[in-house]
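Peer 1: Give me a 3D structure for the following:
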Amino acid sequence: MAKGSSDAGFAARGPGFCAVVNRLCDTALNLAKIMNPKLSEFTAPQCEALLDLLVLATYLDQHLGMAEDVRVAGLLTAMGYATVYDRQRQFDASVNRVRQYTENAQLARNHGLKLAECFTTRDQGQQVYALLEDLITCDGQIATAESQFLAVLRDVFEL
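Peer 2: Residues are numbered from 1 along each chain as shown. Model (predicted):
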């Protein structure tokens, strides 16, 4: 499936895929809530910026894998979106916000820098960077655009 296609998202992959992703999210990301309780300290705009950064990062290698889907769905679960409908709605809203910045790596990096400004403490920057690094490396392959994106954000967050 092409990154920019209109049928992007969990639901487009079929009900069986959604069921698998949601079971994984319910199990694995209940652990994420326990392991990362500071997510609850993020404001609503920071949560939106975090989601947008992760969605933007999924576009960098022009390949959306199941591992990335699971991580994004898991983040949405950790943010309190408990139903498939709510997660899909938030995901779609994020895709709509970042789609215009996915045309090339420079646009993505510039928008990533803007989104990174939402995080005001070193601890927040560390959390955001760790989530992005996990998302980008989860498929075992790191594209040049992904590596550059992480490097720019590492500098911004002074890590």
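
Peer 1: Which strand or helix spans the closest residue to Glu68 other than its chain neighbours?
Peer 2: If the residues on either side of it in the chain are set aside, Glu68 comes closest to Thr58, at 5.0 Å by C-beta to C-beta, 6 or more residues apart in numbering. For every residue, glycine as well, the C-beta is placed using N, CA and C. Using DSSP states H and E, Thr58 falls within helix 44-59.

Peer 1: Contacts for that helix, please.
Peer 2: Contacts to helix 44-59, defined as C-beta atoms under 8 Å, 6 or more residues apart in numbering, come from residues 3, 39, 42, 64, 68, 71-72, 75-76, 79, 90-91, 94-95, 97-98, 101-102, 108, 111-112, 115-116, 118-119, 124, 128, 131-132, 135-136, 146, 149, 153.

Peer 1: and Phe42, what does it touch?
Peer 2: Contacts were defined as C-beta under 8 Å, 6+ apart; by that measure Phe42 touches Leu50, Gln124.

Peer 1: where does it land on pLDDT?
Peer 2: Per-residue confidence (pLDDT) for Phe42: 88.

Peer 1: Can you report how many residues neighbour Asp123?
Peer 2: The tally of other residues near Asp123 (other C-beta atoms under 10 Å) stands at 12.
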